[in-house]
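**Student:** Here is a sequence together with a model predicted from it:
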Amino acid sequence: MKKVMFVGPVGVGKTTLTQRLHGLSLDYQKTQTIQFHDSIIDTPGEFLQYRKFYNALSVTAMEADVIGLLCAADSRQQFFPEGFGALFSKEVVGIITKMDRVSSVEEADFARRQLVGAGASQIFEISSVEDQGLEPLKRYLEGEV
């Protein structure tokens, strides 16, 4: 299985996705430090939101096979600078979370454009809460795609 590092703003669902992928019950806990799991690295949202932490992301990424940039479907804030994925010498994918909060896929276009602009090679659309869209992401991480 590919080891993925999740990067995204506070509240985007990195920890919730981590719990869902591990088959755990969803229990919100604010991530205060980098959390290393067997195949997932869960980073605090502040590491994206404050540029002074970009070095920590860059160094931590050395432990990962792929970088997962997370953006919420219902967000209208720009969190990822253009070309952000170039910070890493790894493949970068985009994950649009909270798809259950929008009524159509078009409503997630802002998130989609942001992730493509950041350098995502492909995009997965999921809802961890509703357990939707996770199979394609799981297959990708298992190397089946």
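**Tutor:** In hand now; what should we look at? Just so it is clear, the structure is predicted and the values come from calculations on it, not from any experiment.

**Student:** so where do the helices sit in this structure?
**Tutor:** Listed in chain order, the helices of the chain (DSSP state H) span 14-21, 46-49, 54-60, 109-118, 134-141.

**Student:** Mean neighbour count, those helices: which tops it?
**Tutor:** Mean neighbour count (mean count of other C-beta atoms under 10 Å) peaks for helix 14-21 among the helices of the chain, with a mean of 22. Bear in mind the C-beta positions are built from the backbone N, C-alpha and C, glycine included.

**Student:** Run the angle between that helix and helix 134-141 for me.
**Tutor:** 90 degrees (axes from the mean of the first three to the mean of the last three C-alpha atoms, to 10 degrees).

**Student:** Please save the CA atoms from helix 14-21 in PDB.
**Tutor:** The C-alpha atoms that make up helix 14-21 are tabulated as PDB, following Å, rounded to 0.1, in the frame of the first residue of the first chain:
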ATOM      1  CA  LYS A  14      -7.900  14.800   7.200                       C
ATOM      2  CA  THR A  15      -8.300  12.900  10.500                       C
ATOM      3  CA  THR A  16     -11.800  11.800   9.700                       C
ATOM      4  CA  LEU A  17     -10.600  10.300   6.400                       C
ATOM      5  CA  THR A  18      -7.700   8.600   8.200                       C
ATOM      6  CA  GLN A  19     -10.200   7.100  10.700                       C
ATOM      7  CA  ARG A  20     -12.500   6.000   7.800                       C
ATOM      8  CA  LEU A  21      -9.700   4.400   5.900                       C
END
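
**Student:** returning to that earlier point: any idea which of the helices of the chain gets closest to Gln77?
**Tutor:** helix 109-118 (9.0 Å; C-beta to C-beta).
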